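J.: A predicted structure for the sequence below; I have some questions about it.
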Amino acid sequence: MIGALVGLWACGQDAPTRPDARAEVDGAVALDAGAADAADRHDAGGIGDARAAEDLGRDADGGAPPADAGGLDDAGTSEGTSVAFAYRGVTGTFDRAFVGYVSDTVGGTPRGLYFELSRGADDACPSETSPVPQQILTVDGFASTSAGVQGDGLSVRFFDFEGRFRTEIAPDTATTARVEIASLDLDEGTVAGAVELTFGDGDAVGRFHATHCASLDSPLP
């Protein structure tokens, strides 16, 4: 599926409808991971914090670099999603967040959480017919449904369907990650918190307010 999307970029066609989010991610992970570690990685200019995006001088949307999006200290202080992203000298902001429940069986009692942070597309839950976002950050392995901070055991991948930040097909994987859940209501389907993510070529930091999407629910691996 990822290869097909790349082919559409190259042909300059309109973005396809979005397939099932988890199937899309799982298919991409099966690709050669070596593509994500291409030897000709660009120097991101010594980025140490996505909140230093003003120094990069260029925003992925063509406007001013994103403002300070806050971090773990600001988790839950806003109902919006604003995760500043600085990668290979380009900056942008992830402004949508969705959460899936990970259970012993789909529909069972949630044991963990899966997150998707996206840039572009719309506010609707991911589905087979929804638009494909420009970029997605996926967070697997949050092994709790309680407020708190987790770093160990998280698996974070960055997909660029637009090709603005990177052109490799395989996703880039974060080298370090911390996610804080400040508040959650599993019945109402809302989770608020913050992320601090580090990649070899950039960083993402900010707050999120995620909406539960049944399309992202999955059983424990």
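T.: Nice, I can see it.

J.: every contact and neighbour count from this point should use C-alpha atoms.
T.: OK.

J.: let me know the pLDDT of Thr105.
T.: We have a pLDDT of 87 for Thr105.

J.: nearest residue to it other than its sequence neighbours?
T.: Nearest residue to Thr105, sequence neighbours excluded (CA to CA, 6 or more residues apart in numbering): Pro219, at 4.7 Å.

J.: which one is Gly206 nearest to, not counting chain neighbours?
T.: Ranked by CA to CA, 6+ apart and with sequence neighbours excluded, the top spatial neighbour of Gly206 is Val83, at 4.0 Å.

J.: mind pulling up the pLDDT for that neighbour?
T.: Looking at Val83, its pLDDT is 98.

J.: can you name the next helix or strand after the host helix or strand of it?
T.: Secondary structure from DSSP states H and E places Val83 in strand 82-87. Past strand 82-87, further along toward the C-terminus, the next helix or strand under DSSP H and E is strand 90-94.

J.: what pairs with the helix or strand just after that following strand, and is each one parallel or antiparallel?
T.: Scanning the chain past strand 90-94 towards its C-terminal end, the next helix or strand to appear is strand 96-103 (assignment: DSSP H and E). Sheet pairing of strand 96-103 (DSSP bridges) gives strand 110-119 (antiparallel), strand 202-212 (parallel), strand 218-219 (parallel).

J.: give me the residues contacting the shortest one.
T.: Strand 218-219 is contacted by residues 100-106 when judged by CA atoms under 8 Å, 6 or more residues apart in numbering.
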